[in-house]
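Peer 1: Pasting a predicted model and its sequence here:
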Amino acid sequence: MEIKKIIQDSIDVKTKILNDKELLDNIVTVSGMITNTFLSGGKVLLCGNGGSAADAQHIAAELSGRFYFDRKPLDAEALHVNSSYITAVANDYSFEEIYSRLVEAKGNKFDVLIAISTSGNSPNVLKAMKKGIEKGMYVVALTGKTGGKMKNNCDTLLNVPSEDTPRIQESHILIGHIICEMVEKNLFKK
């Protein structure tokens, strides 16, 4: 049955993540960096396109709202949520500039930028990462198997071991949830 195959494919990717020590260690590293950023008064900015934009918004909401329990909100923002800004910059400059201009405006040294792309090659996300590095931000790339061009433009690579976009996106939100849970536990003792 096709449904069972889809579910099994998703499980198989998650099993690969479960057995990838380097990826698991990198998730711990990113969770620690985000914790330190919030402890020092910094923020987390996120960006992506399409489903990756939805994931960026989802992760930002978990951090800025709540995850498991009521607590102080954390400063996290998906950079695409202002549609007037996005359409103005895309029209006046180019779509490749939409995130880098906001990183330039909002990003500070020691803030975290989480850049999401299943291929690892989205030009507007790459430009944002390069701007984040210029500004001294801690840049995280959340990608698929190869990491694409993003793997060489980040501090930490979180590359899901798959080349299948839907399975990668399912794992991105899993990794995002793990990070949110770890950060919340690090910062707030329930």
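Peer 2: Everything's here; your move. All figures in this text were calculated on a predicted structure; none of them were measured in a lab.

Peer 1: Residue 33: how many residues sit nearby?
Peer 2: 20 (other C-beta atoms under 10 Å). Bear in mind the C-beta positions are built from the backbone N, C-alpha and C, glycine included.

Peer 1: ok, now how distant is it from residue 42?
Peer 2: Computed with C-beta to C-beta, to the nearest Å, the distance linking residue 33 and residue 42 is 10 Å.

Peer 1: list residues touching both of those two?
Peer 2: residue 112 (C-beta atoms under 8 Å, 6 or more residues apart in numbering).

Peer 1: Could you verify that residue 80 is part of a helix?
Peer 2: No. Checked against DSSP: H, G, I helix; E, B strand; the rest coil, residue 80 lies outside a helix; its state is coil.

Peer 1: Isn't it up against residue 87?
Peer 2: No. Contact between residue 80 and residue 87 fails when scored by C-beta atoms under 8 Å: they sit 10.8 Å apart.

Peer 1: Who has more neighbours out of the two?
Peer 2: For residue 80 versus residue 87, the count of surrounding residues by other C-beta under 10 Å is larger for residue 80: 21 against 12.

Peer 1: Can you report phi and psi for residue 115?
Peer 2: Note on residue 115: backbone dihedrals following degrees, to the nearest 10 are phi -110, psi 120.
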